Every structure is written in structure tokens, then in C-alpha cells.
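Asks: Got a predicted model here, sequence first, then my questions.
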Amino acid sequence: MPDILIRKIPKALKDWIDNQSHSARTSTNAFLIDLLDNARQGSQRQLPLFDSMPEPVETQSSNNTKVPFTFCDLFAGIGGLRLGLEAVGGDCVFSCEYDKYAQKTYQAWFGEAPHGDIRELDLTKFPDHDVLAAGFPCQPFSIAGVSKKNSLGRKHGFLDKTQGTLFFHLATIIEIKRPPVILLENVKNLMSHDKGKTWQVIQDTLDKLDYEIHFQVINAADFVPQHRKRVFIVGFDRKIFKGKSGFEFASPPEGPKPKFKDILEENPESKYTLTDHLWNYLQEYAERHRKKGNGFGFGMTDLEGVSRTLSARYYKDGSEVLIPNGSKKNPRRLTPREAARLMGFPDHLNIVVSDTQAYKQFGNAVVPPVAESVGQQIARVFANKITKRNGCLLKSGA
Ligand SMILES: C[S@@+](CC[C@H](N)C(=O)[O-])C[C@H]1O[C@@H](n2cnc3c(N)ncnc32)[C@H](O)[C@@H]1O
């Protein structure tokens with residue numbers, strides 16, 4: 001094919017073609033021929049055509065492969081996963097979160113109020129989507145009931161194991177909607193919960209739903225100055241990807257790690273400094289536990305290092321992430337803006353709730369740059385597959 005195809009075209013278009021063909025690991029010419037051929041045939045395939053031309057990348061990474069795809073944001077919190085997926089080309093078509101304060105933040109940041117309790121949704125009314133994203137709460141579920149049912153000789157489907165749990169609702173949505181890709185996030189302890197049985201049920205359920213499953217524990221400390229280990233599960237519908245998605249989690253970013261001092265505000269209000277009463281209490285508590293030989297206690301953060309994990313209970317005393325405040329003052333806690341930065345949320349997102357709610361929301365959230373890293377790898381799979389001839393991967397709206 002002659003070079004003329006890529007002569008005298010706007011630079012943005014040329015960059016996009018280069019980027020797409022590079023991601024598809026194919027030549028520019030082969031990519032263009034495929035693209036034009038599909039356009040000519042009026043194919044049902046939703047290729048990332050010109051309405052999805054690259055926009056300026058707003059995240060910290062400038063090497064993103066952006067691919068237009070749709071996603072649902074379930075157990076959305078304040079949209080940590082959403083920010084990550086949007087950064088790689090995702091378009092959110094449905095969100096669900098029942099906490100009214102988190103809904104308020106979500107509305108302010110994304111211009112839409114999420115639907116409420118997932119248990120009350122009409123599951124047949126979900127829009128089609130390419131990626132189902134869910135940072136679902138780790139709600140204990142026992143499989144004792146299953147063995148009882150077994151012993152009674154009753155038939156049961158795989159979902160019976162998770163009946164009544166939030167994971168059951170998730171599995172049902174997956175079963176009904178069959179999104180090509182699922183992205184789930186949870187605390188690392190999910191894997192050891194109930195001696196590993198909970199994890200096994202989750203794996204078995206996704207396997208029986210016919211998804212190729214990948215999982216990895218990722219420490220957010222590679223992206224933000226916070227030790228925060230979370231397990232990410234990425235699944236690909238075997239009916240579409242034939243078990244050959246080629247997905248891989250990314251290696252941790254290279255270069256120097258972020259330092260805690262980088263997220264600090266210059267002049268935090270004095271109300272964030274601990275009172276004598278609280279500071280004395282925290283020191284006595286830590287001392288009592290030290291004598292008993294265990295490590296419970298406050299976490300005084302090394303400004304040159306990373307903090308402990310920010311939890312949703314940070315609003316109570318701030319003890320897990322304390323900041324040294326000079327020799328004459330008690331240590332202080334994070335301001336809500338610092339908590340946002342520690343989680344990787346950008347400064348342009350205004351905090352619209354009380355300090356207490358803000359700490360809860362950030363402590364519950366997924367770190368957007370981590371979500372972006374995982375989302376980027378999913379987008380790469382899409383980019384590789386949608387430029388091939390063998391069928392449509394994106395179900396809708398791309
Ligand atoms: C771990 S947080 C989610 C973090 C979020 N996915 C993110 O990306 O930052 C779990 C969220 O699930 C919400 N949630 C719990 N039960 C729910 C339910 N039954 N329906 C809807 N949301 C629920 C909680 O309010 C909480 O915000």
C-alpha cells in the first residue's frame with residue numbers, strides 16, 4: 001500500500017494512527033486497510049473511528065493507549081476506578097453507590113448521581129457495557145449452607161454458594177449482561193478470609209461464569225506515597241477471548257517512588273494538630289501494647305518515605321497516618337486535601353463534604369493511578385483485538 005495514505009493529514013490524526021497500529025502490533029498500512037475495509041463494509045464492528053480521536057491525556061501518564069470502551073461503575077464510592085478507566089478511554093454508562101455522601105461527591109465530580117442499593121436494582125435494565133468495574137465490599141459469606149444443601153441432596157446452582165451476598169448480586173449482573181471484561185478490586189485479606197474459602201468461592205464462581213481470570217496484589221506505594229495493598233481481579237469472557245486475551249498486569253513504574261512529603265499542604269489549619277488529650281492517649285495506648293509485645297499503635301510517618309494505609313476510620317483519631325509537626329507541637333493528622341493526594345486524587349476535584357465524610361470516602365477508595373495502570377492493560381487488550389478481523393469485542397456505544 002502506498003505511503004500516500006498517511007501524507008498531508010493532521011498531526012493529531014497521524015499520531016492516533018501510529019498509536020493504534022503500534023498497540024495492535026501491526027503496520028500502519030495494515031491497520032489502515034483494516035480500518036477502511038470495515039468502514040466500507042458498514043461493519044457492525046465498533047472500531048475506534050474518528051469520533052473518538054485522542055483527547056489530551058489528563059493523567060500523570062503520557063503513554064496511555066486510549067481506546068473507546070464503555071463501563072459500569074458498581075459500588076462506585078467516589079469513583080477511583082472510574083477516574084482510572086476514563087484516563088484510558090473508558091466511558092461510564094452506569095454507576096451505583098448507596099451512601100448518600102459518596103453520591104454527593106460523585107455528583108459533584110462526574111455530574112451524575114449514581115443509582116442506589118445494588119440489591120434493589122432491576123438487573124435487566126442495565127445498559128450493555130464492555131467492562132464491569134466493581135470495588136465490591138468484602139462481605140463475609142459462609143459456604144456452610146452449601147454443604148447442608150448438598151447433604152440434603154438438593155440441586156443447587158453455583159450462585160447458591162453466594163446467595164444473599166453483594167458478590168452474588170455482582171455475579172448475577174455478570175451472568176445476565178456478560179460484559180466482555182470484568183475488573184474487581186478488594187482488600188488483600190479477601191484472599192485469606194475464612195481460611196481462603198471466600199477467595200475460592202469467588203474464583204470458582206467467575207470460572208463457572210466462563211471468565212479467564214487474572215489477579216494480582218498491587219501495592220499503591222508504587223504510585224502514591226502510601227503502603228496500600230489491594231487485590232485486582234481482571235476477567236475476560238472466554239466466549240469472546242477464547243481464553244487468549246493476552247492480558248498481563250503492568251510492571252511497577254520505573255524511577256523514584258513518590259515521597260510522603262510531596263503531598264503535604266504548606267499551611268494546614270491548626271485544627272488538624274492533635275490535642276494534648278488525644279496525643280497522650282495515643283502514646284499510652286501504643287506503650288501498653290508495646291509492653292504486651294505487639295505492634296499496635298500510631299503511625300508516625302517518615303516524610304521521606306510512605307505512610308501506612310489510610311483507612312475509612314481515619315476520621316476517628318487519625319492515628320494510622322500522623323505527621324510530625326516540629327519539636328514544639330503535637331503531631332497533626334492529614335488535611336482532607338492531603339488525604340485526597342495520598343490516594344492519588346487530583347487537586348482540581350473539590351471536596352464537597354465534611355472532613356469526616358471526606359476521610360471515610362478517601363479511605364474507602366481505589367487509588368486512581370493504580371486503576372489507570374490496570375485499565376491501561378485492559379485497553380491494550382482491546383486495542384490488540386479490535387483491529388483484528390475476527391469479530392467484534394466491544395458490545396456497545398464505543
Ligand atoms: C470499597 S468501596 C468502593 C470504592 C470504589 N469502587 C472506588 O473505585 O473508589 C465500596 C463501596 O460500596 C458501597 N456499597 C456497599 N454496599 C452497597 C450496596 N448494597 N449498594 C450500593 N453500594 C454499596 C459502599 O458505600 C462503598 O462506597
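Replies: Yes, it's here. These figures come from a predicted structure and were not determined experimentally.
Asks: Buried residues of the longest helix along the chain, list them for me.
Replies: Under DSSP state H, the helix in the chain containing the largest number of residues is helix 368-386. Neighbour-count burial for helix 368-386 flags 368-386 (criterion: 16 or more other C-beta atoms under 10 Å). (Glycine included, C-beta is placed from N, CA and C.)
Asks: Same check on stretch 352-363?
Replies: Buried residues in stretch 352-363, defined by neighbour count with 16+ other C-beta under 10 Å: V353, D355, Q357, A358, Y359, K360, Q361, F362, G363.
Asks: need the residues of the protein near the ligand, please.
Replies: Neighbours of the ligand within the chain, by C-beta under 6 Å from any ligand atom: 75-81, 96-99, 102, 117-119, 135, 137, 166, 364-366.
Asks: ok, which stretches of the stretch 1-150 of the chain are helices?
Replies: For the stretch 1-150 of the chain, the helices defined by DSSP state H, counting those that start in this stretch occupy 11-23, 28-40, 80-86, 100-110, 144-151.
Asks: Save the ones you listed as TSV, and put in mean pLDDT and mean neighbour count too.
Replies: As requested, those are exported to TSV (pLDDT from 0 to 100; neighbours: other C-beta atoms under 10 Å):
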stretch	mean pLDDT	mean neighbour count
helix 11-23	70	15
helix 28-40	73	15
helix 80-86	97	27
helix 100-110	98	18
helix 144-151	45	12
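Asks: Relative to P252, tell me which of these wins on proximity.
Replies: helix 80-86 (15.7 Å; C-beta to C-beta).
Asks: what does the closest one rub up against?
Replies: Residues from elsewhere that reach helix 80-86 (C-beta atoms under 8 Å, 6 or more residues apart in numbering): 71, 73, 76, 90, 92, 95, 110, 131, 133-135, 183, 185, 343-345, 365-375.
Asks: now with 7 Å?
Replies: The contact list for helix 80-86 (C-beta atoms under 7 Å, 6 or more residues apart in numbering) reads 71, 73, 76, 92, 110, 131, 133, 135, 183, 185, 365-368, 371-372, 375.
Asks: quick check, distance from that helix to the centre of its chain.
Replies: In terms of C-alpha atoms, centre = their mean, to the nearest Å, the centre of helix 80-86 is set 6 Å apart from its chain centre.
Asks: go on, stretch 207-226?
Replies: Centroid separation between stretch 207-226 and its chain, computed with C-alpha atoms, centre = their mean, is 9 Å.
Asks: Go through it and flag the buried ones.
Replies: For stretch 207-226, a neighbour-count test (16+ other C-beta under 10 Å) marks 209-215, 218-226 as buried.
Asks: can you name the two of these that are farthest apart?
Replies: Farthest pair in these, by C-beta to C-beta: D210 and P225, 40.0 Å.
Asks: Just give the number of residues close to the residue nearest to L322 when sequence neighbours are not counted.
Replies: Spatial nearest neighbour of L322, excluding adjacent residues (C-beta to C-beta, 6 or more residues apart in numbering): P331 at 4.3 Å. Using other C-beta atoms under 10 Å, the number of residues around P331 comes to 21.
Asks: wait, doesn't P331 sit right on G299?
Replies: No - checked against C-beta atoms under 7 Å, the pair P331 and G299 is beyond contact range at 10.2 Å.
Asks: Can you check which residues contact both of the two?
Replies: Counting by C-beta under 7 Å, 6+ apart, the shared contacts of P331 and G299 are L322.
Asks: For whichever residue of the stretch 101-250 of the chain sits closest to the ligand, give me the backbone phi and psi.
Replies: The nearest approach of the stretch 101-250 of the chain to the ligand comes at G135, 2.8 Å away (C-beta to the nearest ligand atom). Here is the backbone geometry of G135 (degrees, to the nearest 10): phi -90, psi 80.
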